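**Q** sequence first, predicted model second:
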Amino acid sequence: MDPASLVVYRVLFGLLMVAAVARFFAYGWIHEHYLTPRVLFPYAGLEWIRPWPGVGMYLHFALMGLGALGIALGVAYRASALTFLLTFTYAHLIDKTYYLNHYYFISLVGVLLVALPLGEAGARRAVPAWWLWLLRVQVGLVYFFGGVAKLKSDWLLHAQPMKIWLAASTDLPVLGQLFEQQWAPYAFSIAGAVFDLGVVPALLWKRSRALAYAAVVAFHVITRMLFPIGMFPWLMIAGALLFFPPDWPRRLASWLRRGPMRPTVQPERAPAPLTKRAWVGPVLAAAFLGVQLLLPLRHLLYPGEPLWTEEGFRFAWNVMLMEKDGVAEFHVREPASGKHWRVSPSQHLTPDQVRMMSTQPDMLLTFAHYLAHHFAEQGHPGVEVRADVFVSLNGRPRQRLVDPTVDLAAVGPWEDLHGWVLPFRQVDPP
């Protein structure tokens, strides 16, 4: 097929990532996220991923920006794509405090861009059509699982957390007055679920494609106005362009210059028989997508409410499902002397870390282990660490999240959290 649409997506993705890297420099996020924190919250098994010392993280992000620019320009394409993928993924695996669904999406697309034949030479010849479908499926999975995740009573019946979010946005011009209406959160919640589940079929159908793309643009522009979700809206607006015919950029260029379309590639009408080597790509692509299909379902293996325990919550396209607010206090006791210390997380963590840690069991456990190590360094080995944590989920009254009698310092990172995370009490949200 004509690679024109893939080339345009490559350029847009690269430019968006250049802008994303520039934002980290401009807003001081490199220092704030990687150099300021005294404590990190690594992913289990990835504790070896640490920030570079000194100016290392600034050089890391500069290299990331060069990789993104190389993707956009098609210069040293595979090397640029691999550089961006490795530097981006490394940076965002350092601390789960800053996990975002679109960071995960960027890494997945980065894997595909490394493999895509879209360098300067590849962009001038036909490419196998399944490459385009691979990217379409990757974009579609975000919407599909995002829509399935919204088929919950909180979202559909109680319009939560949409009630909380719209109530905080009533000062917006024009839309603010609409948000004050009682029916607005319910309408927005239902529309969000319908959009996520229906937008991909609508983009695939020729007759509805243009209208569906207009809906994509409107939806993501509105969500960008309401929520601080970074580059995600622009990534999805760019991704939706992949559902148009592969030669749409040439058709658009022809229309703009009011001349005939001049194709530079001749896609094959009858593909050559697949050799054993030619099967490698499709087989790897199927395995890649198979993982993407299974990961969002892993929460079914765990007991309890996923929004409460957050087991299987990350890397599953659970987009904008909850508003959690928590307060946490830790109690450290030295059995040998009977000494007791009350510890506020803000004494050791940044505000972002406090906010995220106070509602997420695995991060609470990490901090408890940090406190045990910290007190051991202060000459108090073998201390016990307990947590007093109260969390509100989607506007409900706060409930205890953690059993305050359990010594978290004695709980291993791979142990079943249901031995110390208290069950969620089902109460209808307001």
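**A** Nice, thanks for sending it over.
**Q** when you work out contacts or count neighbours from here on, use the C-alpha atoms and nothing else.
**A** Noted.
**Q** now stretch 132-144: average pLDDT?
**A** Stretch 132-144 shows an average pLDDT of 96 in the prediction.
**Q** buried stuff in that stretch?
**A** Within stretch 132-144, the residues that count as buried by 16 or more other Cα atoms under 10 Å are Leu132, Leu134, Leu135, Arg136, Val137, Gln138, Val139, Gly140, Leu141, Val142, Tyr143, Phe144.
**Q** got the domain boundaries for this protein?
**A** 4-268+282-300, 324-419 (automatic domain parsing).
**Q** picking up where we left off before, greatest separation within the buried residues of stretch 132-144: which pair is it?
**A** Leu132 and Phe144 (18.0 Å; Cα to Cα).
**Q** follow-up on the earlier one: and the buried residues of stretch 132-144, which is closest to Thr83?
**A** Leu135 (20.0 Å).
**Q** pull the contacting residues for that closest one.
**A** Val109, Leu112, Leu242 (Cα atoms under 8 Å, 6 or more residues apart in numbering).
**Q** want to throw the residues you listed into TSV with neighbour count?
**A** Below are those laid out as TSV (neighbours: other Cα atoms under 10 Å):
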residue	neighbour count
Val109	17
Leu112	19
Leu242	21
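**Q** of those, which is the nearest to Pro296?
**A** Closest to Pro296, out of all of the contacts of Leu135 and judged by Cα to Cα, is Val109, at 17.0 Å.
**Q** tell me how many other residues surround the residue lying closest to Trp308 once chain neighbours are set aside.
**A** Sequence neighbours aside, Phe424 is the residue nearest to Trp308 in space, at 6.5 Å (criterion: Cα to Cα, 6 or more residues apart in numbering). Phe424 has 16 neighbours, counted by other Cα atoms under 10 Å.
**Q** surely Phe424 is in a strand?
**A** No: secondary structure of Phe424, determined by DSSP: H, G, I helix; E, B strand; the rest coil: coil, with no strand assignment.
**Q** for it, give its distance to Arg400.
**A** 9 Å (Cα to Cα, to the nearest Å).
**Q** rewinding a little: I'd assumed Pro306 was in contact with the residue nearest to Trp308.
**A** No: Phe424 lies out of contact with Pro306 (Cα atoms under 8 Å); the separation is 9.7 Å.
**Q** quick one on the thing from earlier: just the ones in helices from the contacts of Leu135, please.
**A** Under the assignment DSSP state H, the contacts of Leu135 contribute Val109, Leu112 to helices.
**Q** okay if I get the contacts of Leu135 as JSON lines plus distance to Trp341 and pLDDT?
**A** Below are these laid out as JSON lines (distance: Cα to Cα, whole Å; pLDDT from 0 to 100):
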{"residue": "Val109", "distance to Trp341": "47", "pLDDT": "97"}
{"residue": "Leu112", "distance to Trp341": "50", "pLDDT": "95"}
{"residue": "Leu242", "distance to Trp341": "57", "pLDDT": "97"}
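**Q** what helices and strands are in contact with the helix-or-strand element of the chain with minimal mean pLDDT?
**A** Least confident helix or strand, the chain: helix 175-179 with a mean of 85, by mean pLDDT, DSSP states H and E. For helix 175-179, there is no helix or strand it packs on, judged by 3 or more Cα pairs under 8 Å, 6 or more residues apart in numbering; DSSP states H and E.
**Q** list the contacts of the next helix or strand after it.
**A** Sequence-wise, the next helix or strand downstream of helix 175-179 (DSSP states H and E) is helix 184-204. Applying Cα under 8 Å, 6+ apart, the contact partners of helix 184-204 are 140, 143-144, 146-148, 150-151, 155-160, 162-163, 166, 178-179, 208-210, 212-213, 216, 240, 243-244.
**Q** same thing but at 7 Å, please
**A** Outside of helix 184-204, the residues within contact range by Cα atoms under 7 Å, 6 or more residues apart in numbering are 140, 143-144, 146-147, 150, 155-156, 159, 162-163, 166, 178, 208-209, 212-213, 243.
**Q** then stretch 356-364?
**A** By Cα under 7 Å, 6+ apart, stretch 356-364 touches Phe41, Thr97, Thr309, Glu310, Lys324, Asp325, Gly326, Val327, Ala328, Val391.
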